[in-house]
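Enquirer: let's see this in three dimensions:
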Amino acid sequence: MNQIFKQVYFNNLKRFNRRNFVNNKNQFFSGVIYRQFSSSNNNDKVTFTFINKDGSKTQVTEDVGKNILEAAHDNDVDLEGACECSCACSTCHVYLEPRIYNILPEPTDEENDMLDLAFQLKENSRLGCQIKLTKELEGMEVTLPSASRNMTVDGYKPPKH
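Expert: Model (predicted):
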């Protein structure tokens, strides 16, 4: 079964109790609560292509609402994401096609700050963790840069959860 995860931050914790976490199939990870929602409708899927560092292409089909980084991890695409979608690094840096880049909302100040640290920054650079999949992104190509800048340990790749 496919899952879409909705992130609820710590400041909303007081509205939940431990029993609700178990009964509603919530999962608790590192100060963030992920509530699971099932999605089985094929109309809620987006198909797009990753252009890998070596130039090969990987076509993926993922649920609307996931972000590019989650889609990459689910399909074994080599996109790092050292901060696990918290917009605190630039290791999920990707290049988007101009037509896609122009229809997306402007990057936030936090995303721009992290992009300033990205390796080989371009005009069409974005962080994969900040781009949510929508039907408008159907058929897009996401290009991975030739390298990333991991500030913890160069070359380190966090394991999948």
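
Enquirer: tell me if V60 really is in a helix.
Expert: No - counting by DSSP: H, G, I helix; E, B strand; the rest coil, V60 is not part of a helix but strand.

Enquirer: E110 against S90, yeah?
Expert: No - look at E110 against S90 with C-beta atoms under 8 Å: they stay out of range, at 11.4 Å. Just so you know, the C-beta spots here come from the backbone N, C-alpha and C atoms, and that holds for glycine as well.

Enquirer: these two: which is more packed in?
Expert: Legend: neighbour count by other C-beta atoms under 10 Å for E110 and S90, higher for S90 (25 against 13).

Enquirer: that one and G139: what is the separation?
Expert: Note on S90: its distance to G139, by C-beta to C-beta, to the nearest Å, is 26 Å.

Enquirer: try I51
Expert: Here I51 is placed at a distance of 13 Å from G139 (C-beta to C-beta).

Enquirer: neighbour count winner among those two?
Expert: I51 (16 against 13).

Enquirer: surely T49 is within a strand?
Expert: Yes - looking at T49 with three-state DSSP, it is inside a strand.

Enquirer: looking at it, it is touching K57, isn't it?
Expert: Yes - using C-beta under 8 Å, T49 and K57 qualify as a contacting pair, with a distance of 5.2 Å.

Enquirer: so what sits against both of these two?
Expert: E141 (C-beta atoms under 8 Å, 6 or more residues apart in numbering).

Enquirer: for those two, indicate the residue with more neighbours.
Expert: Between T49 and K57, T49 has the larger neighbour count (other C-beta under 10 Å), namely 14 against 10.

Enquirer: so what sits opposite the more buried one in the bridge?
Expert: Q59, E141 (DSSP bridges).

Enquirer: and the helix or strand harbouring L69, what other elements does it pack with?
Expert: Using DSSP states H and E, L69 sits within helix 68-74. Here helix 68-74 touches strand 57-63, going by 3 or more C-beta pairs under 8 Å, 6 or more residues apart in numbering; DSSP states H and E.

Enquirer: ok, A118 to E111 distance?
Expert: 10 Å.

Enquirer: right, I mislabeled it, should have said E62
Expert: 21 Å.

Enquirer: so between those two, which is more surrounded?
Expert: More neighbours surround E62 than the other of E62 and E111, with 21 against 18 (other C-beta under 10 Å).
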